[in-house]
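J.: I would like to see how this sequence folds:
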Amino acid sequence: MWRNVLALHQVSQRAISTASRRQYANRVSENQKLFQEDNGLPVHLKGGAKDSLLYRATAGLTVFGTMYALYYLLVSSMPKKPN
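T.: Residues are numbered from 1 along each chain as shown. Below is the predicted model:
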């Protein structure tokens, strides 16, 4: 039983550790230069191909969801035919 308690104690200490495992370089100034550059692109597309893909996927899902909701609103507003 004590072995299980000690194992749980070790796992709980590891999970709550405040030490970071990786040190990332501070790239805020690089991103500021990229997003403040006046190149005619809107802010939500200045990140490159990934941002463009995410924007198009979101817009497509929004249009599809709106059409789907309108279709089911139309279907549910029609009276059912008696058999």
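J.: only C-alpha atoms for contact and neighbour calcs from this point on.
T.: Fine.
J.: Give me the mean pLDDT for the helix or strand where residue 7 lies.
T.: Assigned by DSSP states H and E, residue 7 belongs to helix 2-15. The average pLDDT within helix 2-15 is 71.
J.: for stretch 58-77, same thing?
T.: 97.
J.: Give the buried residues for it.
T.: Residues of stretch 58-77 classed as buried by neighbour count (16 or more other C-alpha atoms under 10 Å): none.
J.: Now do the same contact list for the spatially most central residue of the chain.
T.: When C-alpha atoms, centre = their mean is applied to the chain, the residue found nearest the centroid is residue 54 (9.4 Å). Going by C-alpha atoms under 8 Å, 6 or more residues apart in numbering, residue 54 touches no other residue.
J.: Quick check: phi and psi at it.
T.: As for residue 54, its main-chain torsions (degrees, to the nearest 10) stand at phi -60, psi -40.
J.: From residue 83, how far off is it?
T.: Distance of residue 54 to residue 83, computed by C-alpha to C-alpha, to the nearest Å: 47 Å.
J.: What's the per-residue pLDDT of residue 47 here?
T.: pLDDT recorded at residue 47 is 87.
J.: Find the helix or strand that it is a member of.
T.: With DSSP H and E as the test, residue 47 turns up in no helix or strand.
J.: Assess the claim that residue 45 and residue 56 are in contact.
T.: No. Judged on C-alpha atoms under 8 Å, residue 45 makes no contact with residue 56 at a distance of 10.3 Å.
J.: Same drill for these two, tell me which one is more crowded.
T.: Using other C-alpha atoms under 10 Å, the more surrounded residue of residue 45 and residue 56 is residue 45, with 15 against 12.
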